[in-house]
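Student: Fold the following for me, if possible:
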Amino acid sequence: MNCKAILSNKTRPEFGQVTVPLPIPDSEYDHAIGLLEDLGIGSPTAQDCRVDGLDSPYPVLNRLVTQSANVDELDYLARRLDSFSEGEAEKFQAMASRLRLSDIKDFINLTFSCQQATVISDFSDLERAGKDHALTINGGMMPTSEFNRVDGQAAALDLIQSGAGIVTPYGVVYDNGMKLEQVYDGGHFPEYFYEDCVASVALSRPGQDGRETLYLPCPDIKITRALQRLNAKDASQCTAVLDTDNICDAVRKVFEEEFKLNEHLDALNHLARCYQGFKGDDLEKFHTVFDHAWPQTPEEATYLAEGLRDFNVINGISTAEEYGQIIADRMEVSPELSEFLDLQRLGQRQINEEGGEFGDRGYVAYKGTRPEIKEILGRHIPPTQEPKMC
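Tutor: Just a heads-up that it's a prediction; the model follows:
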C-alpha cells in the first residue's frame, strides 16, 4: 500500500514522533517496535499510538488522524488493504464514508464485508456497472454463460432508480444489505494470509476465547507479542496447532508428535526461515539429509537446515559404482575410456574421502565443521530400524 504513519505518545508529546511504514516489512519490524518503545508506546495490546499523520492512497483513512490506535492494528489494516483490487478499494472507501467510520476497529471489520457493496463511479459505462453489480450480489462468482446474459445497462438503471444509493466522494454506493460484522474483536486478529508462508501456527489458551495466528517465518518478537495478546507468559500455556503443506511428514512429526510444538515455536520459526531461503533443489536436498540423519529434536532439524550448503547429496543412488559413474560423467570421460575405469573403486575412494554414507533416498556426505551436526551424524542408526521418509 506504500503507506506511512506518523505516530507519537498522546500523553507525552514532547517525546517526539516516529514515522512507520505500513505494512511494516518483517525486516524492519524489530526496528520499528524499538523506535516506538523509545517513545513509551508500541504495546501489543493497548491503543497507545496517536496517529499524527497518514500518507496513504486511501484518503478516507485520514479520519484516523488524531485517533489512538495500536501499531499492530495499523499494520494489519494496511496488510488487508494492500491486497485489495481497485474495485475493492473503491468499495472500502465508499462504504467507510457511507457509514462515517473513524475507528480503526471498524475499518478492519469493513475490509471483511465491503465486497458486498456496489459502487458506481462512472455513469458513462452503465453496462459495466450493471454487470459488476450482478457479480457482486452473487457473491463475486457467476457462471460465465449467466454473466454474459446479464443486461448490464438495465440492471444499472434499476439500481439507480431504486433510490437506495448514497452519494460519497468515492461514488454512489449501494450497500445491498451489507452488515458491518465484528470479525475483529479488538483484541485478536482474524486469520489472514497476506503473503505465502512456510507454516502457520494457531495459538489459543484453553478455557479462553480468542486465537492468534503466527505466519512463519516471522520476526521472533511477533511470537512474543502474540502471546501477550493471549495474556500468556510463555507458549507452554497455549495450545499450538500447525497448519502447512510445505513441510514434509517427517519434519511435521517431530514438531507435532514427538515434541510439544508450543515448547519449540522458536525452532520451527527458525526452520521456516531456512525453508524460505532454499533455492532450486535445496528442499529435496534437505529432506534427504533429514531422512538420513534422523534428528532427535526440533533444534537438531534446524541445525541441519542451517548447514545444508555443506552437504553433498546425490539422490537416487545406492552403490559406490553408481557414484563412480557420476564422477566419470562430471570429468567428461568419453564412453570409450570409461570402459577401462574401475567405477566401483573410483566411487568408493571418493566416499572414503568425504566420509559419506548411502541412505534410503541416496548418498549423503557432510563436508562442514559444525560440531552439533557432526554429533547428529555420528549417532549410529541400526539398519533394522525403519527410516523416516519425507
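Student: Closest to the centroid, which residue in the protein?
Tutor: residue 197 (3.3 Å; CA atoms, centre = their mean).
Student: Please export the C-alpha coordinates of stretch 97-104 as PDB.
Tutor: The C-alpha trace of stretch 97-104 is given here as PDB (Å, rounded to 0.1, in the frame of the first residue of the first chain):
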ATOM      1  CA  SER A  97     -17.700   7.200   4.000                       C
ATOM      2  CA  ARG A  98     -21.300   6.000   3.900                       C
ATOM      3  CA  LEU A  99     -21.000   4.600   7.500                       C
ATOM      4  CA  ARG A 100     -19.000   7.500   8.700                       C
ATOM      5  CA  LEU A 101     -16.300   5.300  10.200                       C
ATOM      6  CA  SER A 102     -13.400   6.700  12.100                       C
ATOM      7  CA  ASP A 103     -12.300   3.900  14.500                       C
ATOM      8  CA  ILE A 104      -9.600   1.500  13.400                       C
END
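Student: Which positions are bridged to the nearest residue to the residue nearest to the centre of the chain once chain neighbours are set aside in the beta structure?
Tutor: Excluding its sequence neighbours, the residue lying closest to residue 197 (CB to CB, 6 or more residues apart in numbering) is residue 215, at 4.2 Å. All C-beta spots, glycine's among them, are computed from the backbone N, C-alpha and C. Listed by DSSP bridges, the beta-bridge partners for residue 215 are residue 200.
Student: Look up how far residue 272 lies from residue 215.
Tutor: From residue 215 across to residue 272, the span is 9 Å (CB to CB, to the nearest Å).
Student: quick one: common contacting residues for those two?
Tutor: residue 197 (CB atoms under 8 Å, 6 or more residues apart in numbering).
Student: where does the closest residue to residue 10 other than its chain neighbours fall, phi/psi-wise?
Tutor: What sits nearest to residue 10 in space, not counting adjacent residues and going by CB to CB, 6+ apart, is residue 50, at 4.0 Å. When quoted as degrees, to the nearest 10, the phi and psi of residue 50 stand at phi -80, psi 130.
Student: number of nearby residues for residue 50?
Tutor: Other residues lying near residue 50 total 20 when counted by other CB atoms under 10 Å.
Student: now the end-to-end length of stretch 226-244.
Tutor: End-to-end distance for stretch 226-244: 19 Å, by CA to CA, to the nearest Å.
Student: should've said stretch 105-114
Tutor: Using CA to CA, one end of stretch 105-114 lies 14 Å from the other.
Student: Looking at it now, give me its mean pLDDT.
Tutor: Stretch 105-114 carries an average pLDDT of 98.
Student: residues in contact with that stretch?
Tutor: Applying CB under 8 Å, 6+ apart, the contact partners of stretch 105-114 are 61, 64, 73, 76-77, 80-81, 84, 88, 91-92, 95-96, 99, 101, 178-184, 186, 190.
Student: what's the answer for stretch 116-125, then?
Tutor: For stretch 116-125, contacts defined as CB under 8 Å, 6+ apart pick out 87, 90-91, 94-95, 128-129, 132-133, 136-137, 156, 159-160, 165, 170-178.
Student: Can I get it in PDB, CA atoms only?
Tutor: Extracted in PDB, the C-alpha atoms of stretch 116-125 (Å, rounded to 0.1, in the frame of the first residue of the first chain):
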ATOM      1  CA  GLN A 116     -20.800  -6.900  -0.700                       C
ATOM      2  CA  ALA A 117     -21.400  -3.300  -1.700                       C
ATOM      3  CA  THR A 118     -21.800  -1.800  -5.200                       C
ATOM      4  CA  VAL A 119     -20.200   1.500  -6.200                       C
ATOM      5  CA  ILE A 120     -21.000   3.400  -9.400                       C
ATOM      6  CA  SER A 121     -18.300   6.000 -10.100                       C
ATOM      7  CA  ASP A 122     -18.500   6.100 -13.800                       C
ATOM      8  CA  PHE A 123     -22.000   6.700 -15.100                       C
ATOM      9  CA  SER A 124     -20.800   6.700 -18.700                       C
ATOM     10  CA  ASP A 125     -20.500   3.000 -18.700                       C
END
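Student: Could I get the buried residue list for it?
Tutor: Neighbour-count burial for stretch 116-125 flags 116-120 (criterion: 16 or more other CB atoms under 10 Å).
Student: what do you get for stretch 250-266?
Tutor: Along stretch 250-266, these residues count as buried under the neighbour rule (16+ other CB under 10 Å): 250-252, 254-255, 259, 261-262, 264-265.
Student: tell me how far the ends of that stretch are from each other?
Tutor: End-to-end for stretch 250-266, by CA to CA: 19 Å.
Student: try stretch 17-31
Tutor: Using CA to CA, the end-to-end distance of stretch 17-31 comes out at 15 Å.
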